[in-house]
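Chemist: A predicted structure for the sequence below; I have some questions about it.
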Amino acid sequence: MSYRKLSLGKTRQAFTLIELLVVIAIIAILAAILFPVFAQARAKARSITCVSNVKQAALGVLMYVQDYDEMLPQLDNDRTAGHTPDWGTPGNIQTWGNHMFLGVVQPYLKNWDFTVCPEAGKTNWKIAIPDGSVAGAPYVQAMDDAGYYASSFSKIAVNILLVEWGARGSTAAIARPAETTMLVADSVWDNTGVAISQAVGNTGVWPENEAGGCVGLGGQGWTWYLHSNTKGRGGSRAAVESGRANVAFVDGHVKSMDRNNLERCDFSPAANARIFTYWEYRF
């Protein structure tokens, strides 16, 4: 340690250049160790918030079920030709009511914030709706306020096999409610473009066709497994399938699952065939 004389005859300690460099090096090493830990902690917090959101949505759906003769809401509960909103089509007027899946559940929740998966982020509808790959229409504040956009492009997506082409909403037709997917909280409808940059949801979700014999609805079900340390988004399909998604089952419990587990294809003795274990409602 070096010293130098002050004008009043006192001495003051001062650091040498080498000592300063050593301190800076130690700080850099600690930062390199701690920053990934902080990133993991933030990712975990986002995942916990997402679990809470999909749990709220599932409870809202189950309250609806109790009031409507044990029937799940349909994807589109209007069933009138030409009326909007619809799946991926919010329309441009606000007089028909929000009859989409989460639109009819909304009175039980009274909050649209639960549809936001923090890992994907909050959607800026002013940017997303005019985009040609989404609605290609002018943004309307009243439709945003009424939740038309949030329900037509929801990031909390319903298992389409249950409500549209399968059980048609009857909970009595679901053989394994504790193992059958009802909602997936991380569904964005593409892995590139505005779907990722503005977190535009897909509303309905399904498993992908498997070479082993399980047959989905064709193509990918657009559940991107966003909860990962790298937050893989865009470009690489492997990147967005390397994390985890938060899933609510028909009985209301919520679980974090990776793709290989959630979309696995197993042999079922009851079906005497290979089935999507967490999507097939009949066996």
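Modeler: That came through fine. Residues are numbered from 1 along each chain as shown.
Chemist: need the strands for the stretch 1-150 of the chain, in chain order.
Modeler: Here the stretch 1-150 of the chain has its strands, by DSSP state E, counting those that start in this stretch, at 2-5, 11-14.
Chemist: comparing those strands, which yields the minimum mean pLDDT?
Modeler: When these are compared by mean pLDDT, strand 2-5 comes last with a mean of 47.
Chemist: which residues touch Trp96?
Modeler: 78, 80, 83-84 (C-beta atoms under 8 Å, 6 or more residues apart in numbering). (Each C-beta comes from the backbone N, C-alpha and C, glycine too.)
Chemist: most neighbours, which of the residues you listed?
Modeler: Thr84 (20 neighbours; other C-beta atoms under 10 Å).
Chemist: quick check on that one: phi, psi?
Modeler: Dihedral pair for Thr84: phi -120, psi 160, per degrees, to the nearest 10.
Chemist: pull the contacting residues for it.
Modeler: Contacts of Thr84 by C-beta under 8 Å, 6+ apart are 90-93, 96, 148, 152.
Chemist: now render those as a markdown table, adding pLDDT.
Modeler: Compiled in a markdown table, those are given as follows (pLDDT from 0 to 100):
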| residue | pLDDT |
| --- | --- |
| Pro90 | 88 |
| Gly91 | 83 |
| Asn92 | 79 |
| Ile93 | 76 |
| Trp96 | 76 |
| Tyr148 | 91 |
| Ser152 | 90 |
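Chemist: just the element for the spatially most central residue of the chain, please.
Modeler: Centrality entry for the chain: nearest residue to the mean C-alpha point is Asp186, 1.6 Å, by C-alpha atoms, centre = their mean. Using DSSP states H and E, Asp186 falls within no helix or strand.
Chemist: pLDDT weak spots in this structure?
Modeler: Counting by pLDDT under 70, the chain has low-confidence residues at 1-15, 34-46, 165-169, 211-212, 215-222, 228-240.
Chemist: which of the contacts of Thr84 are buried? Put it as a PyMOL command.
Modeler: Restricted to buried positions by 16 or more other C-beta atoms under 10 Å, the PyMOL selection for those reads:
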select buried, resi 90+91+148+152
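Chemist: can you tell me which two in the contacts of Thr84 are farthest apart?
Modeler: Ile93 and Ser152 (13.4 Å; C-beta to C-beta).
Chemist: re earlier: gap between the nearest residue to the residue nearest to the centre of the chain once chain neighbours are set aside and Leu162?
Modeler: Leaving aside its chain neighbours, Asp186 sits nearest to Ala245 (4.2 Å; criterion: C-beta to C-beta, 6 or more residues apart in numbering). With the distance defined as C-beta to C-beta, to the nearest Å, Ala245 ends up 17 Å from Leu162.
Chemist: also Glu280?
Modeler: For Glu280 relative to Leu162 (C-beta to C-beta), the value is 10 Å.
Chemist: what do the two both touch?
Modeler: Thr180.
Chemist: so how far is the first residue of stretch 125-144 from its last?
Modeler: Its start and end residues considered, stretch 125-144 measures 7 Å (C-alpha to C-alpha, to the nearest Å).
Chemist: start the count at 506, not 1, going forward
Modeler: From this message on, residue numbering opens at 506, which makes the last subject stretch 630-649.
Chemist: can you give the contact residues for it?
Modeler: Against stretch 630-649 from outside (C-beta under 8 Å, 6+ apart): 593-597, 599, 654-655, 658, 695, 698-700, 703, 705.
Chemist: Asp572: how many residues sit nearby?
Modeler: Asp572: 10 neighbours (other C-beta under 10 Å).
Chemist: cool, Gln561 as well?
Modeler: 20.
Chemist: contact partners for Glu575?
Modeler: Per C-beta under 8 Å, 6+ apart, neighbours of Glu575: 675-677.
Chemist: top of those by neighbour count?
Modeler: In the contacts of Glu575, the most neighbours by other C-beta under 10 Å go to Thr676, 19 neighbours.
Chemist: quick check: nearest residue in space to that residue, chain neighbours excluded?
Modeler: Glu575 (4.7 Å).
Chemist: just Tyr654 next, same as before
Modeler: Trp630 (4.7 Å).
Chemist: the residue nearest to the centre of the chain contacts Ser761, doesn't it?
Modeler: No: look at Asp691 against Ser761 with C-beta atoms under 8 Å: they stay out of range, at 9.9 Å.
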